[in-house]
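Peer 1: heads up, no residue letters with this:
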Ligand SMILES: Cc1cc2nc3c(=O)[nH]c(=O)nc-3n(C[C@H](O)[C@H](O)[C@H](O)COP(=O)(O)OP(=O)(O)OC[C@H]3O[C@@H](n4cnc5c(N)ncnc54)[C@H](O)[C@@H]3O)c2cc1C
């Protein structure tokens, strides 16, 4: 199907994007890779009157360790994460899971920020962020804010982001020496959204006792879900 008419605006900076969003209000939508937004528009599940393209804003695409965190710039594509040597070496749960997300042509364009900001319980990356106890950094009309991942997903396609907020970074606690994880996805056929999925991250102490565990679930409720009782056990 063909989306309804919209005006296209190309943002040159975060401030420019926020100003455009303020001007056009709730009729505007940010677009990063467009690989969740455009399908929804084609199906007429979404009909924004203004698209604010943030994909060309400089400085929002990076994967780096800094301080106590792995920092992922919002515009980092899923392919960049899949092939990053740092991710493969120290945060393999991401590269393993991303291989199971859609297909290479989607991953080459779809961003990690868009995957999280979309608030779709069927997306794979939110469960990973729950398991890894990530923090979302957003910038909006009142400056920057940090949102713990457990407070980020509010409902079906609803998140803690206000209409003008831009997700700019995801911070994941730095990998500990004896830590690791895995993502298991049940899908009808290769490339499909998950029928269900589970991400597990564990950290062991020197004697091999589990010190920390995170378990995130994909597509088993209206929001990406933490398996609290499983973690307690
Ligand atoms: C055929 C197909 C199969 C797919 N299969 C899977 C799958 O199996 N698993 C999976 O996880 N995903 C899947 N996807 C979705 C894909 O991973 C998307 O690319 C991703 O979810 C969204 O990223 P994007 O950059 O394209 O976001 P966009 O489509 O640009 O945006 C998605 C939403 O987030 C908002 N948004 C985007 N970026 C920001 C930001 N920085 N700040 C605030 N709001 C923002 C937009 O306004 C929009 O509402 C599939 C997509 C397609 C087309």
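Peer 2: Yes, it's here. Predicted, not measured: the structure shown is a model, and the values here were computed from it.

Peer 1: can I see the domain layout of the protein?
Peer 2: Taking automatic domain parsing as the domain assignment, the ranges for the chain are 1-58, 59-232.

Peer 1: figure out the length between the terminal residues of the longest one.
Peer 2: I take that to be domain 59-232. With Cα to Cα, to the nearest Å applied, domain 59-232 spans 39 Å between its terminal residues.

Peer 1: how much space between residue 213 and residue 181?
Peer 2: Separation of residue 213 from residue 181 (Cβ to Cβ, to the nearest Å): 9 Å. For the C-beta atoms, the positions are set from N, CA and C on the backbone; glycine is no exception.

Peer 1: give the residues shared as contacts by these two.
Peer 2: Counting by Cβ atoms under 8 Å, 6 or more residues apart in numbering, the common neighbours of residue 213 and residue 181 are 200-202.

Peer 1: just the strands in this structure please.
Peer 2: 7-10, 28-31, 50-53, 63-66, 69-73, 135-140, 143-148, 153-155, 158-159, 166-173, 179-186, 196-204, 210-218, 225-226 (DSSP state E).

Peer 1: switch those strands over to a markdown table; also include mean neighbour count.
Peer 2: As requested, the strands of the chain are exported to a markdown table (neighbours: other Cβ atoms under 10 Å):
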| stretch | mean neighbour count |
| --- | --- |
| strand 7-10 | 14 |
| strand 28-31 | 23 |
| strand 50-53 | 20 |
| strand 63-66 | 13 |
| strand 69-73 | 21 |
| strand 135-140 | 20 |
| strand 143-148 | 12 |
| strand 153-155 | 16 |
| strand 158-159 | 16 |
| strand 166-173 | 22 |
| strand 179-186 | 18 |
| strand 196-204 | 20 |
| strand 210-218 | 20 |
| strand 225-226 | 18 |
